[in-house]
Structure formats: C-alpha cells, structure tokens
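# got a predicted structure plus its sequence, pasted below:
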Amino acid sequence: MAALNLNRIRRRLKGRVQEVFVQRERRIFIRVAEEDLRETVKTLIRLDGFNHLATITGVDIGPAIELIYHIIYKDAVVSLKVQVPKESPVLPTITDLIPGAVFYEREIQDLLGVKFEGNSSSSLFILPDGWPDGVHPLRKEWTLGRISKKVRRLW
Amino acid sequence: MVKAIDIPFGPQHPALEEPINFTFEVEEERVVDVKIRLGYIHRGIEKLAENRTYHQNVYLVERICGICSFAHTTCYTQAVEELLGVDIPERAKYIRTIFCEMERIQNHYLWLGFTAKAMGFETLFMYTWRDREAMLEVLEMISGKRVNYGMNTIGGVRRDITGKMVERMEERLNYLEERANYYKKVCTKERSILKRTVGVGMLEPSDALNLCAVGPTLRASGIPQDVRADEPYAAYGEIPFRVVTYDGCDVASRILVRIDEIIESVKMIRRALDGMPQGPIRVKVPKNVPKGEAVSLVEAPRGEDLHYLRSDGSDRPARLKVRAPTLANLPSLRKMLKGVNIADIPIVIAGIDPCLACMERVILVDTKSKKGQAWSGEELWRYANEWYRES
C-alpha cells in the first residue's frame, strides 16, 4: 500500500486545496471551499488506506463556523476543513458518502446551528425538548451566563 | 400481517443504568426500524472546557466517563503536550500504558457482567463483578481511587508504581488471567449463552466500515483496527501485543473479543512492568499553551477516542472537542437492532458496551483525626484556584 502523502493528496484534489498544513508525522490539515466539500470527500475516501470518519468538529471562529472532518487512514489522520458563514450556515450532507456521519451532523446542527441539506431534521437530537430556537450553545456569543439565564427561565 | 407499531424503550435504563431513548418500530416480534434520541445526560462539557484552565480541564475530562476516565485524560493530556512541545518522561509513558490496560481489564469484566445480566445469567454477572474487584483493588492501591484515578497530569503522571506494588499486581494479574480463561471456556461451551448470542445482532464487516464503527464492536466483525497498533501512543510502540479479532459479527464474537483482550492486556502489563525504565514521572509545564491545534487518538476500552484541541495562546482552550467511542458505534447499533427479536434488544444494546456518562462527588478525610468533612462546591473551587495561582 502506497503511503499517504501530501503530494498524492494534492495531485488527486487538483486545484481544490486552499491551504494545506502538516503538523507532524501522521497529521495533515487541508482546507477547501464549502462548494468543494462533497467532491473532496469523494476523492479522499477513495484513497488507499481509508479507514473511517472519526468525527466532525465544529468551531465558532467569529464570522463563520469552521467544520473539521477528521478522516482516519491506516497511516495518517487527515483533518479536512471548510468554513460556512454564520448568516447562512448550510452545507450538503455527506451521509450518502459516509453513512457513519449521520449523528455527527445532527450533533452539530443542535450545538452550532449548521444545517446539513439531506440530513436535517426539525426534531432535536441532543438538546432537551423545549429548548429555545436559535440558542446554539457552542457558539461563542452564547456565554455560560447567557445560556443559564435562558435555561432558568425555561424550567 | 400486523400493522407496525412504535415501542418506546428508555430513556430510563433501556439496557443498563444510563439514559438513552430508542423508539422501535416493530412488526409482530421483529424490530424493523429504530430511532435514537440522546441528550438526557448531556452536561455541556465541551462548553465548560472553554471556561476552565488547561490544568482544571484534566479533572473535567476525567469526569466525562467514570469507567474509561483514564483514556480521556490520556487523550486530552497528549493533545496539550503536543501543543506545548513537551515530551513526557519514559517512565510516565509506561505508567500510562499500564493504567490504560488495567482500565481495559476492569471495563471488560464490568461489561461481561452487564452482558450476562442482559441475557438473564445472574450467576455469571455476580462472578465477573467479584473478579473485577481484584483489578479495582490494584487501581486503588496505586492511585488511591477505584475510579477517576487522578493519575494523569499535563507533563506526565502523578504517582509512581513501587516494587511492593508490583508484587501485589503480579499476584492479582495471575488471578485475573486464570478467571478470564475460565470465562472463555464458559462462553464458548455453555449452551444457554450460545443460544442467546450466536447469530444475534449481526453487523457485517462492510456495514461496520461504512458506519464507522470502532473498538471491540469493529474487531468482532473481523476488522483488525486498533489505535494502539495503528498509531502507538504512550509506550505501546515498545510492547508487543496481538490485535484480537473474531469474525462471527454477532454478540458471541463481541464477548470473545473482550475476553481475549483481557488476557492480552494482562500479558501487556507484565511486559510493561518488566521493561519499565527508572527515572522521573513528570515534567513541569507552562500554564499558557501556544497557539495551534492538535488531534489526539487513544484506544479506550470501548474503542477509538478522539480529542481535538485548539489553542489561542491563552491558559484556556479555544475549543475542546471530544468524541467518545459510544457515539461512533451508535449508527452500527441501529443497524444491528434491525431485524432482531424484541427479547434480544437488551443484549444487542449491551453488545456495543454503551457508556453515556457518569457522576462525581468529593469528601475530604483528615487522616490524623479520621474525621470526614464534605466539601461544598464553593470550597473545592476556592482550594483549586488557590493551588493553581501558587503553582
């Protein structure tokens, strides 16, 4: 099995890579535009040594939400990043490509308010019933104080 | 043909003592579809972590889970150490490895008991939990606690393993190995166990891969994936071991994978104790962590555990993401449950070793006067902050 290396990833992803960064042995970070997400995932899961998607991390970085898809290979961990603007946080689902992503997307929908087209549901997955609309606790503007004020009024 | 009906299962303890809600769509006695609802014990730990210092977070992540607490602290401290550029002492790496394996042994014994209970085999449940005490006793001897050991810290471990402890450990390990061999015989020969487990809760290898299963659940579908082997952390690179797989794809295989892992872990601890170098067990680290991000992986008893850490250069994380193994196994569980008989639901759920959360409390005992005094949250908070400022 050929080792997964940067040049191979670059070659396969052609011009889509916006930023690439090798932090240390076995750790590769790549950034692509949101419209390239599905094509990139499609390419990445076809590379040799692909194991599974470990999870999706969502980070509030101010004007945008950054999503990081941690993809595990036999000899590396590729963290694929995309950013979506906070005003219209919508991304296509990847559950048809990786069925195991289903709950990771649902979790992010609850906690960061990013909608995944094709896997969105109006019902909550992690937050309790009756949780107010628009309160996405992992967003930075929702400090602990603001959340508890809102929650105290609920129960 | 009867019309399909929905049966709610949980949130109060559907298979074991933790809250999760399943809605089963059943036709006659067969499950045709499953919906899962989480969050009954969501404590917002990722949010809390952003409001605590790196050091305080060691104690917070330890409390993500009462059973695999050491896996979480190992995963978290590894991420912080990577950002700090700190290499921990060799002896600390060995102690971490030994604790990881002891945790795996007590977890697998606990799980075997739960599974026995789920199939109505109460005697086996009692036996395995009695035997698990042998491991807890060793954990308590070294760390002072049965669970949430408080062993890990950023830069190493907090307590050493001395010669006297090693003697006691060897004795207990022999006992645990002997018992595991006995349970293996029981679980491969006992007809009532076989009837409840063989061919029940099937997960084909292709499904396990597509649904991103991890740990013993994946290895019981014949796929040899293990973070300890694929990406050796702590001292795993120096300790040879076998990645246990079975290809039955059913609950029976999940039992055998875990029993074999107990036996393998006992051997690994022996090898680690033999090869453990002398030297310091921790290094001092700065409070502020340089800007950057790190992905840390650990093979917890239940499977791959991932922590993602991002630092903005302050003494608190900008983001800590935790993905515990149970969430990774839920899509597979949903697949396994489709088609099973209603009576088999508990044992199939138990099969992935679900772990949803845990609790904490503190009592301070003055060893001289032997008087116990419960600390309020506020007193604990003050004590911790004073300690942090002084260090």
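Perfect, I can see it now. Numbers count the residues shown, from 1 in each chain, chains lettered A, B, ... in the order given.
# burial of the residue of chain A found nearest chain B, as a residue count?
When distances are taken as C-beta to the nearest C-beta, chain A reaches nearest to chain B at A:Gly100, 2.8 Å away. C-betas here are computed from N, CA, C, even on glycine. A count of neighbours around A:Gly100, defined by other C-beta atoms under 10 Å in any protein chain shown, yields 25.
# stretch A:123-135 spans what distance, first to last residue?
14 Å (C-alpha to C-alpha, to the nearest Å).
# re earlier: please report phi then psi for the residue of chain A closest to chain B.
A:Gly100 adopts backbone torsions of phi -70, psi -10, taken as degrees, to the nearest 10.
# please, where are all the helices along the stretch 251-391 of chain B?
B:251-275, B:325-337, B:345-351, B:377-390 (DSSP state H, counting those that start in this stretch).
# does residue 120 count as helix, strand or coil?
You didn't say which chain, so I picked chain A. coil (DSSP: H, G, I helix; E, B strand; the rest coil).
# my bad, the chain I had in mind was chain B
B:Gly120 is classified as coil under three-state DSSP.
# please identify the helix or strand for the residue nearest to it when sequence neighbours are not counted.
Leaving aside its chain neighbours, B:Gly120 sits nearest to B:Arg196 (7.8 Å; criterion: C-beta to C-beta, 6 or more residues apart in numbering or on different chains). Using DSSP states H and E, the element containing B:Arg196 is helix B:191-197.
# just for chain A, where's the confidence low?
Chain A contains residues with pLDDT under 70 at A:1-6, A:153-155.
# near chain B, which residues of it are found?
Residues of chain A found near chain B (C-beta under 8 Å from any C-beta of the partner chain) are A:23-24, A:26-27, A:29, A:51-55, A:57-60, A:68, A:70, A:72, A:74-75, A:77, A:79, A:98-104, A:107, A:110-111, A:124-128, A:137-138, A:144, A:147.
# just the pLDDT for the closest residue to chain A within the stretch 1-150 of chain B.
Proximity of the stretch 1-150 of chain B to chain A (C-beta to the nearest C-beta) peaks at B:Gly39, 4.0 Å away. In this prediction, B:Gly39 carries a pLDDT score of 77.
# count the residues that sit near it.
Summarising burial for B:Gly39: neighbours were counted as other C-beta under 10 Å, giving 19.
# separation between it and A:Glu107?
10 Å (C-beta to C-beta, to the nearest Å).
# ok, back up a step: A:Leu124 is in contact with the residue of the stretch 1-150 of chain B closest to chain A, correct?
Yes: here B:Gly39 reaches A:Leu124: they are 7.2 Å apart, a contact under C-beta atoms under 8 Å.
# any shared contact partners between those two?
Common contact partners of B:Gly39 and A:Leu124 (C-beta atoms under 8 Å, 6 or more residues apart in numbering or on different chains): A:Asp110.
# on that earlier part again, between the helices of the stretch 251-391 of chain B, which one is nearest to B:Glu18?
Of all those, helix B:325-337 sits nearest to B:Glu18, with 9.5 Å by C-beta to C-beta.
# quick one, what contacts B:Asn385?
So B:Asn385 contacts nothing (C-beta under 8 Å, 6+ apart).
# for stretch B:121-141, buried residues please.
Neighbour counts over stretch B:121-141 (16 or more other C-beta atoms under 10 Å in any protein chain shown) mark B:121, B:124-125, B:127-129, B:131-132, B:134-136, B:138-139 as buried.
# most centrally placed residue in the chain?
Using chain A here. For chain A, the residue nearest the mean C-alpha position is A:Leu67 (3.3 Å; C-alpha atoms, centre = their mean).
# please refer instead to chain B.
Nearest to chain B centroid, counting by C-alpha atoms, centre = their mean: B:Cys68, 2.9 Å.
# wait, doesn't it sit right on B:Asp305?
Yes: counting by C-beta under 8 Å, B:Cys68 does reach B:Asp305; the two are 7.4 Å apart.
# how far does stretch A:133-140 sit from its chain's centre?
16 Å (C-alpha atoms, centre = their mean, to the nearest Å).
# what is the end-to-end distance of it?
16 Å.
# give me the buried positions along it.
Within stretch A:133-140, the residues scored as buried using 16+ other C-beta under 10 Å are A:His136, A:Pro137, A:Leu138, A:Arg139.
# what do you get for stretch B:29-47?
B:Val31, B:Val34, B:Ile36, B:Arg37, B:Leu38, B:Gly39, B:Tyr40, B:His42, B:Ile45, B:Glu46, B:Lys47.
# returning to what we had before: redo the helices of the stretch 251-391 of chain B as CSV? Include mean pLDDT.
Converted to CSV, the helices of the stretch 251-391 of chain B look like this (pLDDT from 0 to 100):
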stretch, mean pLDDT
helix B:251-275, 95
helix B:325-337, 88
helix B:345-351, 81
helix B:377-390, 72
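# can I get these in a markdown table including distance to B:Val157?
Listed next are the helices of the stretch 251-391 of chain B as a markdown table, based on distance: least, C-beta to C-beta, whole Å:
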| stretch | distance to B:Val157 |
| --- | --- |
| helix B:251-275 | 13 |
| helix B:325-337 | 23 |
| helix B:345-351 | 32 |
| helix B:377-390 | 18 |
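# among the ones you listed, which comes closest to B:Ala318?
helix B:377-390 (19.3 Å).
# relative to A:Leu144, how far out is B:Tyr308?
21 Å.
# what about those two, which has more around it?
More crowded of B:Tyr308 and A:Leu144, by other C-beta under 10 Å: B:Tyr308, with 24 against 13.
# run through the bridge partners of that one.
For B:Tyr308, the beta-bridge partners under DSSP bridges are B:Val295, B:Lys321.
# once you drop chain neighbours, what's closest to the residue nearest to the centre of chain B?
Excluding its sequence neighbours, the residue lying closest to B:Cys68 (C-beta to C-beta, 6+ apart) is B:Ala300, at 4.5 Å.
# with just CA atoms, put stretch A:26-33 into CSV.
Backbone C-alpha positions of stretch A:26-33 (Å, rounded to 0.1, in the frame of the first residue of the first chain) are rendered in CSV as follows:
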residue,chain,number,x,y,z
ARG,A,26,0.6,11.4,10.7
ARG,A,27,-1.3,14.7,11.0
ILE,A,28,-2.4,16.5,7.8
PHE,A,29,-4.8,19.5,7.8
ILE,A,30,-6.4,20.6,4.5
ARG,A,31,-8.8,23.5,3.8
VAL,A,32,-11.2,23.7,0.8
ALA,A,33,-14.1,25.9,-0.2
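# got a list of contacts for it?
Outside of stretch A:26-33, the residues within contact range by C-beta under 8 Å, 6+ apart are A:4, A:6, A:9, A:13, A:16-23, A:40, A:75-83, B:231, B:293-295.
# residues contacting residue 98?
In the absence of a named chain, this looks at chain A. A:Val41, A:Ile45, A:His52, A:Leu53, B:Asn210, B:Cys212.
# oops, chain B please
B:Ile161, B:Ile269, B:Ala272, B:Leu273, B:Met276.
# out of those residues, which is nearest to chain A?
Using C-beta to the nearest C-beta, the contacts of B:Ile98 come closest to chain A at B:Ala272, 23.1 Å.
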